[in-house]
Every structure is written in structure tokens, then in C-alpha cells.
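A.B. asks: predicted structure and sequence below. I'll ask about it afterward.
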Amino acid sequence: MANERKTEIITRDHFSIFSDSIYIEEQRSDNPKIDKLLKSASKKGGGKGYPEFIISYKTNPDLLIVIECKADVTKHESKDRDKYADFSVDGALLYASYLSKGFDVLAIAVSGETKQSLKVSHFLHLKDEKKATPIFGDKFLPVEDYLNGYLKSPEKFRQDYNSLLDFTKKLNEKLHTYKILESQRSLLISSILIALENPAFKRSYASQSRPEDLATSLIQTVSNELEKANITGKKLENLNTQFSFIKTDTSLSKKENVLKEIIDEIDENINVFIKTHRYFDVLGQLYIEFLRYANSDKGLGIVLTPPHITELFADLAQVNKNSIAYDNCTGTGGFLISAMKKMIADAKGDETKIKEIKSKQLIGTEYQSHIFALAVSNMYIHQDGKTNIINGSCFDEEVIEEVKAKKPTVGFLNPPYKSNKKTDTDELEFILNNLECLVDGGTCVAIVPMQSALATSGKVLELKKKLLEKHTLQAVLSMPDELFFNSKVGVVSCVMVFTAHRPHPNHKETYFGYYKDDGFVKRKNKGRIDAYDKWEILDDQKNLIGGIKKKWLTYFENRKEEAGFSVNQIITADMEWATEAYMETDYSNLKDENFEDTILNYVTFLHSNKLFNKENYDN
């Protein structure tokens, strides 16, 4: 006869090893909040729920582990997961659904009477979300692995990121109230994040009685930290100049508790996020958020590439632990951080190699001084190659020679987009500059306005000729129309992939991809987000196993053709470098609704632009 007590003993034995870091309770909890949530969680309905085990962490009270056991492995999971009393998965998920009204919950279902026959399933149900998602695989793990996996899971990242955006909006409103300029807000935050890396400052800032003393201490700490990080001379002087406004700003240096409260909030809401979700361009995303709420973004400087695209670039370039990455239009450092993330993952824990990656294999150039300060700050916060960020023009011969000496193997860039066609540097000139700095055979990935790809005359044609004379155009990918929605920029863009210093062969077929749908949608106050988790599907080891990103990369790497999505085409400089010009139309998915939607959109366009005349309207 099946004996559930055996299953419970195996489970209890596993978790009791970790009693120094967790509390283990059975059937009921002494925590009144947990007890209240389980009051109506009976597996048979209409009463209190009694899970086999309720586990909470001593260091992280936000996460609960709830465990349901069954002796019979055939009673592990029902087809519809609605037989709560009879199946362990069903019961565990039921308890998680109730507890998730107050906690993040890891639901564990266990079946079997021996270690050899044991079946284990894990599900993560985050607070206030509608459903749980599988996580961790089919074996018990140490409780520290559960905690780390939860903290770094895509689901937790999404939850924390949404909280970060909510906080950013409130912080932005507060900084606006204090009349701190939009262009200085990210600099203020970056200076605070750097200072908080100093243990002495973190311990003592709250005890500063005068706001001017705290402002002075903050700036001095930042300068000392940067100097300790081998940032010296003119570079350090420039950075000190960028942060100096904090000492003179009336609100920050004169009003009591204003700066202290801002530091408190940033430590609690942003610093914690950075420590949990490493290698993410936090300052870049904050900059985007501040742009969105600013009255005008004309003078603030840059269009930032969304994080999922900076990570896509690293995959397109097949970045590995031996890559040396260069961005000649660094911005806040998003491309370099995404490259570093992939390089460090490939190093697989080799600390010597990781140190080398951070100190020698990340190179950037940024012209604007205040953006340069953000880039250095961002790299500092991630404990990496801040000393390899150059403040200057990527076209200066000295800069070119300095970068060439480091022998970069991959290049990334999102160049400044022209506002004046006659005087501004063309986007393709930045690509040529990046390619010039790469080693022979290096890979350059750039995102530029579609008009650069479509031009068949004038200066841009000459630049396209020059590109093909010196380098190979491997691919052009048409990007989503509203990719830069979060930066309040409406430019339609494409990604170009080149191989450096290999003239484009006349017989070479270039891969063109119609990568218009990345699954992201617009949401009020959150911008453009992956609300339906369509972009990527990862396994428990963070390997990409599905989603839109998987298809994009698979088709690119294998040069696969598909009607309506991708095509290979021999090109010349005077041709349009765009998928739309060559791919076949896939008519198989066309429906009456597509025609109706197009007509409705057209009529709406005519009406909103007052292009109807009375005669046409009557007809």
C-alpha cells in the first residue's frame, strides 16, 4: 500500500540540511499572513489548506516554498491540473495560487516513495500574477540554488523591471518638483550608485546633518572611487565636471533631507535591482524613462537601443569569451554590457578570464561629455572596463589608432541619426569608421535608419560603394517600425551585418530578413514591452529554446528562406538594401480581415489628415 509518509521523509531530509538559512513548517504556519491566505485553500473546497511543507527564507521573506507530496508516482499530475486532492502538482499549484496573493511562491510537487522513483516538478508563481510557470527541472536542488534561480529568473526580472519603471516615474516626478534638469537626472543617479559602492559612504551618509556636507561627500566619494578604478588625468577631470552640479544645485545642496531621501530610495529600488540582475543597462533604461517624461528630448542627446536588441547583436556577432568588442557610438554602454554578459557566460566561471574580459575586451568611444559620464558610471557599476571608454570623436586619428591597437574583433553601433542631411555625419560613415578599427574578418553589426539602405543616389550611394569595395555585407534585417518608441523617436530602422576588410564578392548572396514582429506591444506608462513573453523562451540553464528571437537567429545563421520572411539576394551598391524589395509575398495567411483593416486604416488616415473632400465622401 502506498505510504505518503515515505515521500514526506525524503522531502524533509533534503530540506532539513539547510535549516541554517530556512524555516520549515508543516501543515500550518505560525506566520499570521500565511495562515490567513491558506484559510480558504482547501483542496476539496470550502475550508483551510494544509500543505505538507511551507518553507520561508531567513534572508528573503518575499519568497515562500510550498510543497505537496503524493506516494504514488501515477498521482503526480492530472491532465487539466484540477484534481487538487488527488495529484501533487495540482495541489501544489492550488496552494501557490492562494499564497501568491501575498508572496512570490515556488510550488514543488513531489511523488514517489524512494529516491530512485521520485518525481519532482517546480513552478514559480509570482505575487499578484495569474499563473505559475515551470522552472528548475525534475530534481531537488539546494535552497541557495532555488533562491538564486528565483531572483534571476526571467519572470522575476520582468516583475522587478516593472517595479523599477514604476519607481522611475515617481522619482522623475520628484526630481521635476525639485527643478533638477532632465539632462542631469541620470547623472545624479549614476553618481549615487557609484558612491554607494563605497562601504564607508553607505554607512555614514545618513548621519550627515547638513545637506551641503552630504553633497560634498557624495561628489568626493565618486571622484575617489573613479580614481581607484584607474580613471585619472583629463578623463577624471571631465567626469568631476559633469557631476559637480550636485554641489551647487539649490535643492540637493541646500534643502534639508532632499538628497538623503533620494539616496535612500535609489539604494532600495535601483541598487538592489542592479545587484540582482547583473549585466543590464540600467542607466540606459532610466535615461529612456526620463526622456519619455521630459517636456522635450531635443537636447538630451541619444536614441538608445532596446535591451533585447543589444543582446540580439551579441548573438548575431557570435560573441564569445575571446571576443574584443568595440562600440564607436557608446551612448550609455548598452551594447558593451550585453556583449560582456555573453562573454562572461562563455567563460564559465573562469575568474582569470572574466577579469581579462572586464579590463581589456570592452572598448567604447563617446563624444558627448554627459553621456560619456553615464557610460563610465554604467561600466563602473558593473565592475568592468570603464577605463576603456574614450571621451572623444571616433573619427579622430588618435582615437582610431588607440582602438586599433586593442585589436577589436566585433563592432556594434547605433550611430547618431541625422537631423540635418547637409551638415550631419552620415550614419554609414560611422559604420565605415567602426569597420576600419576591426581586425581582418571581424564582424560589425549596426542599426541605422532604413533610408540609408534604400538610397540609390547621391552621397549615400557613394558610401554604399565604399562599404562594398572594402567589406562584405552579410545581412540586412528590417526592424519593427516602432522599435524606438520608448525613446520617443519614430525612425524606421534596419540592422546591417558586415565582415571587415573582405571586399564584397560579385557573386555573394546577402541575407535579407523581414524582422518586423518582435512580439513587443505598447503599454501605457511602460512603453514597448514583451507583455506576452513572445520574444524568447529559455530552459532552466538559460539556453534559448524558442520564441521569436530563436527563429530570427536560426534563419540568419542558416540563411534560410521563407516567403514573406526572408530571402537571399545578390546585391550591388545602387540597389535597395531592404528585404521588402526582394522577398516573395506569402499570401497563404491573408484573410478578409486584413483587407478590411487596411481600408479602415486608410480611411482613418484620410479623415485625420482632412484629405476627404465632400464630393468623394458623398460618393
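C.D. replies: Looks like it arrived, so ask away.
A.B. asks: alpha carbons only for contacts and neighbour counts from here, please
C.D. replies: OK.
A.B. asks: what's the nearest residue to K156 if we skip its chain neighbours?
C.D. replies: Y150 (6.6 Å; CA to CA, 6 or more residues apart in numbering).
A.B. asks: my read is that that neighbour contacts F157, right?
C.D. replies: No - counting by CA atoms under 8 Å, Y150 stays clear of F157, with 9.2 Å between them.
A.B. asks: so which of those two has more stuff around it?
C.D. replies: Legend: neighbour count by other CA atoms under 10 Å for Y150 and F157, higher for Y150 (21 against 16).
A.B. asks: correct me if wrong, but that one is in a helix.
C.D. replies: Yes - under DSSP: H, G, I helix; E, B strand; the rest coil, Y150 sits within a helix.
A.B. asks: and it, what's its pLDDT?
C.D. replies: Y150 is assigned 91 on the pLDDT scale.
A.B. asks: do you know how far it is from N162?
C.D. replies: Applying CA to CA, to the nearest Å, the value for Y150 to N162 is 16 Å.
A.B. asks: distance between stretch 490-505 and the chain's centre?
C.D. replies: Computed by CA atoms, centre = their mean, to the nearest Å, the chain-centroid distance of stretch 490-505 equals 23 Å.
A.B. asks: what are the contacting residues of that stretch?
C.D. replies: 435-436, 438-450, 453, 468-484 (CA atoms under 8 Å, 6 or more residues apart in numbering).
A.B. asks: and the residues you listed, which are buried?
C.D. replies: In these, burial by neighbour count holds for 435-436, 438-450, 453, 468, 470-484, counting by 16 or more other CA atoms under 10 Å.
A.B. asks: which of these fall in helices?
C.D. replies: Counting by DSSP state H, the part of the buried ones among the contacts of stretch 490-505 found in helices is 435-436, 450, 453, 468, 470.
A.B. asks: what's the neighbour count on P61?
C.D. replies: 11.
A.B. asks: for it, what are phi and psi?
C.D. replies: When quoted as degrees, to the nearest 10, the phi and psi of P61 stand at phi -70, psi -10.
A.B. asks: do F18 as well
C.D. replies: Dihedral angles (degrees, to the nearest 10) for F18: phi -100, psi 30.
A.B. asks: ok, the residue nearest to D530 when sequence neighbours are not counted - contacts?
C.D. replies: In space, and not counting its chain neighbours, D530 is closest to F520: 4.4 Å by CA to CA, 6+ apart. Going by CA under 8 Å, 6+ apart, F520 touches 528-532, 534-535.
A.B. asks: for the residues you listed, which ChimeraX command selects only the ones that are buried?
C.D. replies: Buried members of those, defined by 16+ other CA under 10 Å, are picked up in ChimeraX with:
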select :528,529,530,535
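A.B. asks: out of the contacts of F520, which are inside helices?
C.D. replies: Among the contacts of F520, no member lies in helices (by DSSP H).
A.B. asks: can you mark which positions in the biggest helix by length in the chain are buried?
C.D. replies: Using DSSP H, we find that the single longest helix of the chain is helix 154-177. Within helix 154-177, the residues that qualify as buried are 154-157, 160-161, 164-165, 167-169, 171-172, 175, counting by 16+ other CA under 10 Å.
A.B. asks: same question, stretch 557-569
C.D. replies: Neighbour-count burial for stretch 557-569 [16+ other CA under 10 Å]: 559-562, 564-569.
A.B. asks: now, which of those residues lie within strands?
C.D. replies: Secondary structure from DSSP state E places 566-569 of those in strands.
A.B. asks: lowest-pLDDT helix or strand in the protein?
C.D. replies: helix 614-618 (a mean of 48; mean pLDDT, DSSP states H and E).
A.B. asks: what residues does the host helix or strand of D346 touch?
C.D. replies: Following DSSP states H and E, one finds D346 within helix 334-347. Around helix 334-347, the neighbours that count as contacts under CA under 8 Å, 6+ apart are 279-281, 284, 305, 307, 310-311, 313-314, 319-323, 325-327, 330, 353-354, 357-358, 362-364, 379, 412-413.
A.B. asks: that helix: what's the following helix or strand?
C.D. replies: helix 351-360.
A.B. asks: now for that following helix, which elements pack on it?
C.D. replies: Helices and strands touching helix 351-360, by 3 or more CA pairs under 8 Å, 6 or more residues apart in numbering; DSSP states H and E, are helix 334-347.
A.B. asks: list the buried residues in the helix it packs on.
C.D. replies: Buried-residue list, helix 334-347, by 16+ other CA under 10 Å: 334-344, 346-347.
A.B. asks: burial count for the nearest residue to D35 once chain neighbours are set aside?
C.D. replies: Nearest residue to D35 in three dimensions, chain neighbours excluded: S29, at 5.8 Å (CA to CA, 6+ apart). S29: 18 surrounding residues under other CA under 10 Å.
A.B. asks: so S29: helix, strand or coil?
C.D. replies: S29 - assigned by three-state DSSP - is coil.
A.B. asks: L193 now?
C.D. replies: Under three-state DSSP, L193 comes out as helix.
A.B. asks: pretty sure it sits against D267.
C.D. replies: Yes - L193 lies in contact with D267 (CA under 8 Å); the separation is 7.5 Å.
A.B. asks: so for those two, which sits in the more crowded spot?
C.D. replies: L193 (23 against 18).
A.B. asks: now the most centrally placed residue in the chain: how far from I55?
C.D. replies: Nearest to the mean C-alpha position of the chain, by CA atoms, centre = their mean, lies P307 at 4.0 Å. P307 is 35 Å from I55, where distance means CA to CA.
A.B. asks: and if you look at A132?
C.D. replies: Per CA to CA, A132 is found 18 Å from I55.
A.B. asks: then D264?
C.D. replies: Taken as CA to CA, the span from D264 to I55 is 31 Å.
A.B. asks: who's more crowded, these two?
C.D. replies: Shown here are D264 and I55; by other CA under 10 Å, I55 has more neighbours (20 against 15).
A.B. asks: that one belongs to a strand?
C.D. replies: Yes - if the criterion is three-state DSSP, then I55 is within a strand.
A.B. asks: identify the residues contacting I537.
C.D. replies: I537 touches 544-547, counting by CA under 8 Å, 6+ apart.
A.B. asks: filter the residues you listed down to the buried ones.
C.D. replies: Buried, going by 16+ other CA under 10 Å: G547, out of those.
A.B. asks: can you pull the domain assignment for the protein?
C.D. replies: 4-151, 153-277, 278-283+296-581, 590-619 (automatic domain parsing).
A.B. asks: starting at the chain centroid, how far to the first one?
C.D. replies: Right, domain 4-151. The chain centroid and the centroid of domain 4-151 are separated by 30 Å under CA atoms, centre = their mean.
A.B. asks: roughly how far does the residue lying closest to A475 once chain neighbours are set aside sit from T423?
C.D. replies: For A475, ignoring the flanking residues on the chain, the nearest one in space by CA to CA, 6+ apart is Y511 at 4.5 Å. As judged by CA to CA, Y511 and T423 stand 32 Å apart.
A.B. asks: neighbour count winner among those two?
C.D. replies: The residue with more neighbours, out of Y511 and T423, is Y511; 25 against 8, by other CA under 10 Å.
A.B. asks: that one reaches V567, doesn't it?
C.D. replies: Yes - under the criterion of CA under 8 Å, Y511 makes contact with V567 at 6.1 Å.
A.B. asks: how about the strands in the stretch 1-150 of the chain?
C.D. replies: 22-25, 53-57, 63-70, 104-111, 119-125, 133-134 (DSSP state E, counting those that start in this stretch).
A.B. asks: the fourth one versus strand 63-70: what angle between them?
C.D. replies: Taking axes from the mean of the first three to the mean of the last three CA atoms, to 10 degrees, one finds that strand 104-111 is oriented at 20 degrees with respect to strand 63-70.
A.B. asks: run through who's touching strand 104-111.
C.D. replies: By CA under 8 Å, 6+ apart, strand 104-111 touches 7, 11, 62-73, 75-76, 88-89, 91-93, 95-96, 99, 118-127.
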